[in-house]
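Colleague: heads up, no residue letters with this:
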């Protein structure tokens, strides 16, 4: 019997769902950073800054959120107008908790890494760092600032975004 060599499915949707669950379980606010230039992204164009958009995907900000293997889908209001948002999983650049910036970034190529050879040295650890996002970036509720008064935030001019540092 000959076995077919199927390439494994992308790990991105599974990691996205896992981090979403962890963020919500810990009482934080999940945000996704989206490459709005990718094909299939349906978001309000007025909210795109430098080809990207940050979306607040907490249950209070969206309706009917689904995190499928192919796309993130939900309904939300932007400046009082209802939108049906569609973000292909490949367009999700990161998911993180607004309150502390903890989350995961995704690389442009979603290739599975081959197992290292026994004699090869381990790869250096990767860590996430925060850098500012323009304050004009909107969350899915249509406001540019934080509306949650129960979370003490340090004063700053812009919101955090994750960067991959190797």
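Modeller: That came through, no problem. Remember, it's a predicted structure, so these values are computed and weren't measured experimentally.

Colleague: all strands of the chain, in order?
Modeller: 30-35, 52-56, 63-67, 71-78, 81-88, 92-97, 103-105, 127-133, 159-165 (DSSP state E).

Colleague: what about those, which gets the closest to residue 13?
Modeller: strand 63-67 (6.8 Å; C-beta to C-beta). Just so you know, the C-beta spots here come from the backbone N, C-alpha and C atoms, and that holds for glycine as well.

Colleague: With mean pLDDT and mean neighbour count added, can I get the strands of the chain in a markdown table?
Modeller: Output for the strands of the chain, formatted as a markdown table (pLDDT from 0 to 100; neighbours: other C-beta atoms under 10 Å):
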| stretch | mean pLDDT | mean neighbour count |
| --- | --- | --- |
| strand 30-35 | 96 | 23 |
| strand 52-56 | 96 | 23 |
| strand 63-67 | 96 | 13 |
| strand 71-78 | 95 | 19 |
| strand 81-88 | 96 | 16 |
| strand 92-97 | 96 | 23 |
| strand 103-105 | 94 | 19 |
| strand 127-133 | 45 | 13 |
| strand 159-165 | 59 | 17 |
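
Colleague: Next, format these as CSV and append distance to residue 43.
Modeller: Formatted as CSV, these follow (distance: least, C-beta to C-beta, whole Å):
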stretch, distance to residue 43
strand 30-35, 7
strand 52-56, 5
strand 63-67, 14
strand 71-78, 8
strand 81-88, 6
strand 92-97, 12
strand 103-105, 19
strand 127-133, 15
strand 159-165, 16
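
Colleague: just so I know, which of these lies nearest residue 11?
Modeller: Using C-beta to C-beta, those put strand 103-105 closest to residue 11, at 10.6 Å.

Colleague: so what secondary structure elements neighbour the closest one?
Modeller: Counting contacts by 3 or more C-beta pairs under 8 Å, 6 or more residues apart in numbering; DSSP states H and E, strand 103-105 packs against helix 12-25, strand 92-97, strand 127-133, strand 159-165.

Colleague: just checking, what packs against the first one?
Modeller: Same thing as helix 12-25. Contacts defined by 3+ C-beta pairs under 8 Å, 6+ apart place helix 12-25 against strand 30-35, strand 63-67, strand 92-97, strand 103-105.
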